[in-house]
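Asks: give the three-dimensional model of this entry:
(one chain, ligands or ions: 1)
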Amino acid sequence: MRQVLKDGCNKVKRMFYKLILTLVVAEKTSKRFLQTIETRQQKLVRRQRKHWRNFSSVLRFLALFLFLGGVDSRSPCLNELTKATLRCMPSFGNAAFEKTVISNNTCGNPPSEFCVQTGVTSPTKECELCNATEPRYSHPAEFITDIKNDQNRTWWQSETLLHNPDKPVTLTLDLGKSYDVSYIRIRFRSPRPESMAIYKRTSTDPKAPWIPYQYLSASCEKTYKVKANDIAKTNQQVLCTDAFSSISPLTGGNVAFTTLEGRPDNLNFDNSPELQEWVTASAIRIDLDRMNTFGDEVFGDSNVLRSYYFAIIDLTVGGRCKCNGHAAVCMKKQESGRLQLRCICHHNTTGIDCQKCDPLFNNRPWARATEDSANECIKCNCNDLADSCVYDENLGFGRCENCKRNTAGPQCERCRDNFFRLTSSDDCQACKCDPVGSVSLQCDPTGQCTCKPGVTGVKCDRCQPNYFGFSQTGCR
Ligand SMILES: [Ca+2]
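Replies: Okay, here's the model as predicted:
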């Protein structure tokens with residue numbers, strides 16, 4: 001009986017301890033929850049302020065965008081009246097439009113659920129499905145550069161933190177050829193990343209290195225070892241800004257990067273090869289390095305984890321097809337069996353970017369067109385006897401290549417060795433000097449070879465009268 005009472009007492013004691021423990025844990029949890037709510041509200045207010053600052057940066061950026069040529073269309077390469085050559089360029093536009101984007105991480109395969117981030121922890125989060133096999137629910141990378149339509153905002157989306165806790169997310173945009181890039185703007189559907197980096201390639205060579213272009217981070221120094229909001233001291237200095245990295249707004253936030261803003265040669269672009277190189281890009285890579293969160297993902301709640309992911313509505317690359325001032329049109333052309341985007345070159349230039357002179361137009365070095373001069377390529381003087389020339393620094397003009405009809409010389413102006421002609425309008429003929437009887441294989445302009453002693457004939461191929469023994473030493 002006593003034993004039963006003792007056991008019962010112990011049972012009550014254990015239950016009591018359990019209750020106390022539960023209460024303590026509950027109090028701790030609720031305290032932590034209240035702290036989370038409080039700091040979240042403080043955070044939101046702080047971020048709201050920051051958002052306004054960002055908004056003014058976006059306005060500044062838009063002003064610069066208009067200044068950089070968002071308003072004009074393409075310009076002609078020739079003045080129709082005076083026939084003077086003019087610098088020309090393709091129209092300004094969105095270089096990313098309908099270009100291929102590849103992502104290493106996209107939701108929907110297998111189908112998964114994601115929840116819309118509302119900034120408030122509640123069990124009734126609005127959740128949707130991402131399913132790559134159902135068009136209605138798929139969010140592929142190509143939706144980043146598709147048609148812009150405010151009624152139907154398509155977007156790309158990554159997996160959520162629940163499905164992909166720490167794999168870095170990378171987007172790669174291939175522009176198809178070099179562009180002069182003025183700005184890059186990314187419109188997010190999810191909150192903007194805490195840290196992201198933009199890289200570029202300046203050549204279409206798939207082995208070309210990725211060059212850092214801009215960092216955008218709330219933790220510049222920690223994440224990218226770059227001072228936050230620094231002023232560009234050189235034209236190609238990679239900067240880091242914290243202006244676009246707050247969690248607010250939760251949707252529709254913009255990230256923008258203007259390539260020329262604040263660069264030392266900003267107003268002297270024509271004469272700055274460094275800056276010209278800096279704005280050149282043929283591919284863009286965006287690394288989404290860290291998400292912005294409210295810190296509640298640490299509790300591991302699956303609905304919370306489902307509400308963290310990257311989603312981008314649109315990527316705009318404001319720029320012009322790079323034609324070095326020698327083309328007004330850039331279009332796809334059939335080239336070795338595939339469509340290649342290229343400039344339609346003027347000013348006797350050629351190449352995908354009009355980056356060189358036509359073969360027979362290298363009488364002076366190739367140059368970009370400037371505001372003052374089209375710097376067109378000039379034809380070499382090859383007397384119509386060559387199809388190509390190369391500029392020769394020592395000569396100061398173009399040296400003709402592969403002179404035709406037995407001619408030679410920098411301008412195909414003379415007969416090649418061992419050939420002759422009387423006047424420059426004649427064809428060059430072979431001297432055909434006899435190698436045994438001639439001093440050299442070169443004849444004079446009449447075709448007469450120089451004979452060894454005792455040798456005679458136009459081609460020095462026989463002994464003079466009364467001489468004999470035609471040999472390497474002449475005739476005796
Ligand atoms: Ca879209």
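Asks: C-alpha from now on. contacts and neighbour counts both.
Replies: Fine.
Asks: what's the first helix or strand after the least confident helix or strand in the chain by mean pLDDT?
Replies: In the chain, no helix or strand scores lower on mean pLDDT, DSSP states H and E than helix 2-65, which sits at a mean of 45. Using DSSP states H and E, the helix or strand that follows helix 2-65 towards the C-terminus is strand 93-94.
Asks: partner strands of that following strand, with direction?
Replies: strand 311-321 (antiparallel) (DSSP bridges).
Asks: contacts for the partner strand next, please.
Replies: 89-97, 143-146, 148, 153-158, 177-190, 330, 343 (C-alpha atoms under 8 Å, 6 or more residues apart in numbering).
Asks: tell me where the model's unsure across the stretch 201-350 of the chain.
Replies: Scanning the stretch 201-350 of the chain for pLDDT under 70 picks out nothing.
Asks: all helices for it, in order.
Replies: Secondary structure of the stretch 201-350 of the chain (DSSP state H, counting those that start in this stretch): helices at 220-224, 273-278, 302-306.
Asks: of all those helices, which one is nearest Gly252?
Replies: helix 302-306 (18.9 Å; C-alpha to C-alpha).
Asks: for the closest one, name the packing helices and strands.
Replies: Using 3 or more C-alpha pairs under 8 Å, 6 or more residues apart in numbering; DSSP states H and E, the elements in contact with helix 302-306 are strand 112-115.
Asks: other SSEs contacting the strand it packs on?
Replies: Using 3+ C-alpha pairs under 8 Å, 6+ apart, strand 112-115 sits against strand 127-130, helix 302-306.
Asks: so which bits of the last one are buried?
Replies: Using 16 or more other C-alpha atoms under 10 Å as the test for burial, helix 302-306 gives Asn303, Val304, Leu305, Arg306.
Asks: ok, now stretch 371-388?
Replies: 374-382, 385-388.
Asks: quick one: low-confidence ranges for the stretch 351-476 of the chain?
Replies: If you take pLDDT under 70 as the line, the stretch 351-476 of the chain has no such spans.
Asks: could you pull out the strands for it?
Replies: 356-357, 388-392, 397-401, 407-408, 414-415, 419-420, 429-430, 438-443, 449-451, 455-456, 462-463 (DSSP state E, counting those that start in this stretch).
Asks: mind putting these into a markdown table with distance to Arg285?
Replies: Output for the strands of the stretch 351-476 of the chain, formatted as a markdown table (distance: least, C-alpha to C-alpha, whole Å):
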| stretch | distance to Arg285 |
| --- | --- |
| strand 356-357 | 28 |
| strand 388-392 | 37 |
| strand 397-401 | 41 |
| strand 407-408 | 51 |
| strand 414-415 | 55 |
| strand 419-420 | 60 |
| strand 429-430 | 62 |
| strand 438-443 | 63 |
| strand 449-451 | 70 |
| strand 455-456 | 78 |
| strand 462-463 | 78 |
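Asks: and of the ones you listed, who's closest to the ion?
Replies: strand 356-357 (37.1 Å; C-alpha to the ion).
Asks: okay, now the sheet partners of the closest one, with direction.
Replies: Partners of strand 356-357 in the sheet, by DSSP bridges, are strand 349-350 (antiparallel).
Asks: which bits of the chain sit near the ion?
Replies: Phe143, Ile144, Thr154, Trp155, Ile313, Asp314 (C-alpha under 5 Å from the ion).
Asks: so how far is Pro249 from the residue lying closest to the fifth one once chain neighbours are set aside?
Replies: Think Ile313. Nearest-residue entry for Ile313: Trp155, 4.2 Å, with adjacent residues in sequence omitted and distances by C-alpha to C-alpha, 6 or more residues apart in numbering. Distance of Trp155 to Pro249, computed by C-alpha to C-alpha, to the nearest Å: 17 Å.
Asks: so which of these two has more stuff around it?
Replies: Using other C-alpha atoms under 10 Å as the criterion, Trp155 and Pro249 rank with Trp155 on top: 22 against 18.
Asks: distance between the lengthiest strand in the chain and the chain's centre?
Replies: Looking across the chain with DSSP state E, the single longest strand is strand 169-188. Centre-to-centre, strand 169-188 and its host chain are 7 Å apart (C-alpha atoms, centre = their mean, to the nearest Å).
Asks: isn't the residue nearest to Ile313 right up against Phe143?
Replies: Yes. Applying C-alpha atoms under 8 Å, one finds Trp155 in contact with Phe143, separated by 5.1 Å.
Asks: follow-up on the earlier one: and the two most separated of the buried residues of stretch 371-388?
Replies: Largest pairwise distance in the buried residues of stretch 371-388, by C-alpha to C-alpha, is 27.7 Å, between Ala374 and Leu385.
Asks: list the contacts for the residue nearest to Arg399 when sequence neighbours are not counted?
Replies: Leaving aside its chain neighbours, Arg399 sits nearest to Pro410 (4.5 Å; criterion: C-alpha to C-alpha, 6+ apart). Going by C-alpha under 8 Å, 6+ apart, Pro410 touches Cys382, Gly398, Arg399, Cys400, Glu401.
Asks: distance of the first one from Cys389?
Replies: Yep, that's Cys382 we're talking about. 8 Å.
Asks: need the overlap of contacts for those two.
Replies: Counting by C-alpha under 8 Å, 6+ apart, the residues touching both Cys382 and Cys389 are Cys400.
Asks: neighbours around the nearest residue to Thr170 once chain neighbours are set aside, how many?
Replies: Counting by C-alpha to C-alpha, 6+ apart, Asp287 is the residue found nearest to Thr170 once chain neighbours are left out, at 4.5 Å. Asp287 is flanked by 19 other residues according to other C-alpha under 10 Å.
Asks: ok, what's across the strand from Asp287?
Replies: Applying DSSP bridges, one finds that Asp287 bridges with Thr170, Ala197.
Asks: please enumerate the strands of the stretch 201-350 of the chain.
Replies: 211-217, 239-241, 254-258, 280-290, 311-321, 327-335, 338-345, 349-350.
Asks: and the third one, what does it pack onto?
Replies: Helices and strands touching strand 254-258, by 3+ C-alpha pairs under 8 Å, 6+ apart, are helix 2-65, strand 169-188.
Asks: partners of that strand in the sheet?
Replies: Note on strand 254-258: by DSSP bridges, its sheet partners are strand 169-188 (antiparallel).
Asks: distance of Val226 from Cys240?
Replies: 6 Å.
Asks: Ala281 too?
Replies: 19 Å.
Asks: may I have the helix or strand containing Tyr199 as CSV, with CA atoms only?
Replies: Secondary structure from DSSP H and E places Tyr199 in strand 195-201. C-alpha atoms of strand 195-201 as CSV (Å, rounded to 0.1, in the frame of the first residue of the first chain):
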residue,chain,number,x,y,z
SER,A,195,24.6,40.1,-51.3
MET,A,196,24.9,39.7,-55.0
ALA,A,197,27.7,40.2,-57.6
ILE,A,198,27.6,41.1,-61.3
TYR,A,199,30.3,39.8,-63.6
LYS,A,200,30.9,40.3,-67.3
ARG,A,201,32.8,38.8,-70.2
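Asks: all set, thanks.
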